[in-house]
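Enquirer: Sequence first, then the predicted structure:
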Amino acid sequence: MVYVFTFLGEFGYELFNWQGVVRKFSRALGPSDRIVCCSRSNLYPLYETALLYIDISEVELFKNSQASCYSAIVPGSSDHGSWRNRAFDRKLRGSLKSFISGRLRVTNSKRGPWAKKEKVVFVFSSVKTQLNGCTFGCDPHLLGQEGDIYARLDLGNNLYQKIEPDLRLRSEVERQIGFELSEPYVLIQTRARQVVVRSRDVVPKDELIRALAERIRVVLLSFNTGRKFDSFSQFDPSLKTVHYECRSFVEQACLVHFAKACLFFTEGDFGSHMYVPPFMGKEVVAIAPRSVYGLGTTPIDFWNENAFPFGGRIIPRISEEVFANRHSMVTVLDELLSR
């Protein structure tokens, strides 16, 4: 049996309640069963149990969809369970089945892991599916009652493991940044999104970045997935630091792995980029407006205790307190560099 697990939604849901379920499910596989995992570009380090990883990010319907919890929906819409989004989901799943099946046939033709015809079971995150005691995804009509990574994260349904970086890109990353990753640096990333903006408060990050750059090398990580309405990270190009245009999770993970410290900002909501360092066993200092911490999407103590048993954790800091005066800002930097 070949199980094809395909994730369509938001990165945070993939980290907290999808890749962990795939891993738990893999522990009960029969000797002839195989796992294929499909998601956006280069997220294969999350799926060490998969025999094959397939990138679906260039499938047109997927690329032009909006990530929302476990689903991909019509850009600009909000009701996951509407007839329009249910119809879109069916069409997208059909398109992806065709694309993935084609990739599997290519693997067969190259005498890959499937040398004979086997039954293929497709599992999509937008459809609640139960297999071998594991629950995958969530029914759009039940979202908020179950499957919520902020309030109803089922730890028993997940098996978390430290995400190990693929360091084969190290030399290429070093070439782009102009120094060896063994040298000390602080990695900074931010986050904004053009939809689902729950807080309008802005973090005045440039002053802190300038002050930090006077004390240690700073790498500013910018990214844009290319998918409609995804979160993105961008900085003022005039800041005198190392600017890195990140194209994949593999590059991001490489930079996180070697960083002396990670300092991440977020606006609009508590971005899922905050979860990456802790899942890799690294601490991240998270600076967000007070209004973001009040949204109910930041059960940080719960996550630190239960989802990050690898040495990493999120260290929350309130933007208004950090930037209250010069002394407060310097105190945060001193703390960051002493870790």
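Expert: Structure's in. What do you need?
Enquirer: Dig out what L52 forms beta bridges with.
Expert: V36 (DSSP bridges).
Enquirer: where exactly do the strands run in the stretch 101-250 of the chain?
Expert: In the stretch 101-250 of the chain, the strands defined using DSSP state E, counting those that start in this stretch lie at 120-124, 129-131, 134-136, 186-189, 218-224, 232-233, 242-246.
Enquirer: Partner strands of the third one, with direction?
Expert: Each strand that strand 134-136 pairs with, and the sense of that pairing, follows from DSSP bridges: strand 129-131 (antiparallel).
Enquirer: Residues contacting the partner strand, please?
Expert: Contacting residues not belonging to strand 129-131 are listed as Y3, F25, V121, V123, T135, F136, G137 [C-beta atoms under 8 Å, 6 or more residues apart in numbering]. No exception for glycine: its C-beta is placed from N, CA and C like everyone else's.
Enquirer: JSON lines for those residues, including neighbour count?
Expert: Compiled in JSON lines, the contacts of strand 129-131 are given as follows (neighbours: other C-beta atoms under 10 Å):
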{"residue": "Y3", "neighbour count": "22"}
{"residue": "F25", "neighbour count": "23"}
{"residue": "V121", "neighbour count": "12"}
{"residue": "V123", "neighbour count": "20"}
{"residue": "T135", "neighbour count": "18"}
{"residue": "F136", "neighbour count": "24"}
{"residue": "G137", "neighbour count": "26"}
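Enquirer: just to revisit the earlier point, least confident of the strands of the stretch 101-250 of the chain, on average?
Expert: Lowest mean pLDDT of the strands of the stretch 101-250 of the chain: strand 232-233, a mean of 82.
Enquirer: Pick the most deeply packed of the strands of the stretch 101-250 of the chain.
Expert: Highest mean neighbour count of the strands of the stretch 101-250 of the chain: strand 186-189, a mean of 25 (counted as mean count of other C-beta atoms under 10 Å).
Enquirer: how much space between the residue nearest to Y53 when sequence neighbours are not counted and R168?
Expert: Distance criterion C-beta to C-beta, 6 or more residues apart in numbering; nearest residue to Y53, sequence neighbours excluded, is Y44 at 3.9 Å. Distance, Y44 to R168, by C-beta to C-beta, to the nearest Å: 12 Å.
Enquirer: ok, those two, which is more surrounded?
Expert: A direct count of neighbours by other C-beta atoms under 10 Å for Y44 and R168 places Y44 higher, at 18 against 9.
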